[in-house]
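Asker: all I have is the shape, not the residue letters:
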């Protein structure tokens, strides 16, 4: 269960990272409120997951899920480049997340 909570925390991290783009420097009310809510939920879920998972593992996976998801949504939603080097690098992050999961005691 802590891994599912951690994955969900990562999804909310993606939400707030993408949400930052839509706040336009925190000048738009609804995107700002959604972004702040996603931040709070993400951090709260991360804290819950850390009750059972090692801090280094939980934090690295949370950041990795957020980074990969945000980069993919940047490509899909914002027209950011999807060159081979970028995609391979994202794949390496995913492999690192999998490695941390397999090496984790919880």
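Answerer: Received the coordinates, thanks. What you are looking at is a predicted structure, and each value in this text was computed from that prediction instead of being measured.
Asker: do I have it right that residue 19 meets residue 42?
Answerer: No: using C-beta atoms under 8 Å, residue 19 is not in contact with residue 42; the gap is 10.7 Å. Quick note: C-beta positions are derived from backbone N, CA and C, even for glycine.
Asker: same drill for these two, tell me which one is more crowded.
Answerer: Using other C-beta atoms under 10 Å, the more surrounded residue of residue 19 and residue 42 is residue 42, with 22 against 19.
Asker: ok, the more buried one - contacts?
Answerer: By C-beta atoms under 8 Å, 6 or more residues apart in numbering, the contact set of residue 42 is 9, 10, 12, 13, 15, 16, 62, 66.
Asker: could these be laid out in JSON lines, adding secondary structure, distance to residue 101 and pLDDT?
Answerer: Shown next, in JSON lines, are the contacts of residue 42 (DSSP: H, G, I helix; E, B strand; the rest coil; distance: C-beta to C-beta, whole Å; pLDDT from 0 to 100):
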{"residue": "9", "secondary structure": "helix", "distance to residue 101": "14", "pLDDT": "98"}
{"residue": "10", "secondary structure": "helix", "distance to residue 101": "12", "pLDDT": "98"}
{"residue": "12", "secondary structure": "helix", "distance to residue 101": "19", "pLDDT": "98"}
{"residue": "13", "secondary structure": "helix", "distance to residue 101": "17", "pLDDT": "98"}
{"residue": "15", "secondary structure": "helix", "distance to residue 101": "22", "pLDDT": "97"}
{"residue": "16", "secondary structure": "helix", "distance to residue 101": "23", "pLDDT": "97"}
{"residue": "62", "secondary structure": "helix", "distance to residue 101": "12", "pLDDT": "98"}
{"residue": "66", "secondary structure": "helix", "distance to residue 101": "16", "pLDDT": "98"}
